[in-house]
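In: generate coordinates for the sequence data below:
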Amino acid sequence: MPSQVTKRFITCFQELLSNKTIRSARHFAEEVNTYPQALNEILKERRDVSHEILEVAIAKYHINANFLYSGKGPLFIKETDFGKEFKILTIVENHQNKEKLLHVPISAHAGYSLQQNNPNFIKELEAYNLPDFKFKSDQTMRSFEVKGQSMIPVFLDGDVVICNYIHSYQWEKAIQENKFYVVVTKSGVVLKRIGLRLREESCLLMHSENEEFQSYRISASEVIELWEVKARITSQFKYDSKANSNFDRLESRFNKYEMMLEEIVQKMILNNKE
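Out: Next up is the predicted model:
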């Protein structure tokens, strides 16, 4: 049973063939760097289209990634509409023309959901540079303050997560099952562990770490931005009472042995005097 993404890909292929953008299936196979036999298997719904073919087809024929993954919008994007269909992020640069990392505190979550495309709003956010840590990325990065109790004990209220941006056409390939992502919708900004159902149901499964919070799903078409969590900054350190209790017991034993040793030494001294 082919996925919904594969079926939509076939629809786009048929439209390209119909309007004579491509001459034949063989011609299309050459253009997207695959074998005609492999493409034929896809077109006959015997196998799913690969990430690699999708990426080339999206770039070369302006296929709408949002249509492929969510079923929403036109099949193809006009060059004049690229800014509407492909997310263009507003960034802030330093005096060396290097992009700075923008921070989205809890107080700005609601505004960010509605105004993430507003340059004036974005430029009001705090901007800073990261040291050259291993989680630093060549992609656009932002930090988000964690809100609420749904992700404890992994993330605490007030923690900050450092993230890099994932474009919608990269979702299927870039999103990794059960890893953490910041998801921006019109309803708000949330941090969740994600389950991927793009091909089957065009949706994301949103999981919390706190068992008191139920998992839920959202349509891919509802997602405005998706950010992969790369690192966490916290000022909250949990006190490990068990570890401390073990240390106290060890210290007590050590003191006891020390006293016993002193008694033995004293007895030896007395015996030598006699």
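
In: so which strand or helix has the residue nearest the centre of the chain?
Out: For the chain, residue 228 is the residue whose C-alpha lies nearest the centre (CA atoms, centre = their mean; 2.3 Å). Mapping residue 228 onto the secondary structure by DSSP states H and E places it in strand 225-233.

In: so the residue nearest to the centre of the chain bridges to which residues?
Out: Here residue 228 sits in beta bridges with residue 164, residue 181, as judged by DSSP bridges.

In: that one: what's it in contact with?
Out: Applying CB atoms under 8 Å, 6 or more residues apart in numbering, we find residue 228 in contact with 163, 164, 166, 174, 175, 179, 180, 181. Glycine gets a C-beta too; all of them are placed from N, C-alpha and C.

In: and the strand holding residue 228, what's buried?
Out: Of all the residues in strand 225-233, those buried under the rule 16 or more other CB atoms under 10 Å are 225, 226, 227, 228, 229, 230, 232.

In: now do stretch 168-186
Out: Neighbour-count burial for stretch 168-186 flags 168, 169, 170, 171, 172, 175, 180, 181, 182, 183, 184 (criterion: 16+ other CB under 10 Å).

In: show the end-to-end separation of it, please.
Out: End-to-end distance of stretch 168-186 (CA to CA, to the nearest Å): 16 Å.

In: try stretch 93-101
Out: End-to-end distance for stretch 93-101: 9 Å, by CA to CA.

In: and the contacts of it?
Out: 91, 92, 127, 128, 129, 130, 140, 141, 142, 143, 162.

In: got those as a markdown table, with secondary structure and neighbour count columns?
Out: Putting the contacts of stretch 93-101 into a markdown table (DSSP: H, G, I helix; E, B strand; the rest coil; neighbours: other CB atoms under 10 Å) gives the following:
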| residue | secondary structure | neighbour count |
| --- | --- | --- |
| 91 | coil | 17 |
| 92 | strand | 15 |
| 127 | strand | 17 |
| 128 | strand | 11 |
| 129 | coil | 12 |
| 130 | coil | 14 |
| 140 | coil | 17 |
| 141 | strand | 22 |
| 142 | strand | 24 |
| 143 | strand | 23 |
| 162 | strand | 22 |
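
In: a markdown table for those, including distance to residue 42 and pLDDT?
Out: Shown next, in a markdown table, are these (distance: CB to CB, whole Å; pLDDT from 0 to 100):
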| residue | distance to residue 42 | pLDDT |
| --- | --- | --- |
| 91 | 37 | 76 |
| 92 | 43 | 77 |
| 127 | 45 | 90 |
| 128 | 46 | 88 |
| 129 | 45 | 82 |
| 130 | 42 | 77 |
| 140 | 33 | 86 |
| 141 | 35 | 90 |
| 142 | 36 | 93 |
| 143 | 40 | 95 |
| 162 | 38 | 94 |
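
In: the closest residue to residue 108 other than its chain neighbours: what's it in contact with?
Out: The spatial neighbour of residue 108 that comes closest, neighbours along the chain excluded (CB to CB, 6 or more residues apart in numbering), is residue 125 at 6.5 Å. Residue 125 makes contact with 92, 102, 103, 104, 108, according to CB under 8 Å, 6+ apart.

In: what does residue 92 give?
Out: Residue 92 touches 99, 100, 102, 122, 123, 125, 127, counting by CB under 8 Å, 6+ apart.

In: just among those residues, which is most surrounded?
Out: Greatest neighbour count in those, by other CB atoms under 10 Å, goes to residue 102: 23 neighbours.

In: now do the phi/psi pair for it.
Out: phi -100, psi 140 (degrees, to the nearest 10).

In: okay, and the beta partners of it?
Out: When bridges are called by DSSP bridges, residue 102 pairs up with residue 127, residue 142.

In: now residue 92: how far from residue 141?
Out: 12 Å (CB to CB, to the nearest Å).

In: name the helix or strand of this protein that has the lowest mean pLDDT.
Out: helix 82-85 (a mean of 44; mean pLDDT, DSSP states H and E).

In: what strands line up against the next helix or strand after that helix, and which way round?
Out: Remark: after helix 82-85, the chain's next helix or strand is strand 92-93, criterion DSSP H and E. Within its sheet, and counting by DSSP bridges, strand 92-93 is paired with strand 99-104 (antiparallel).
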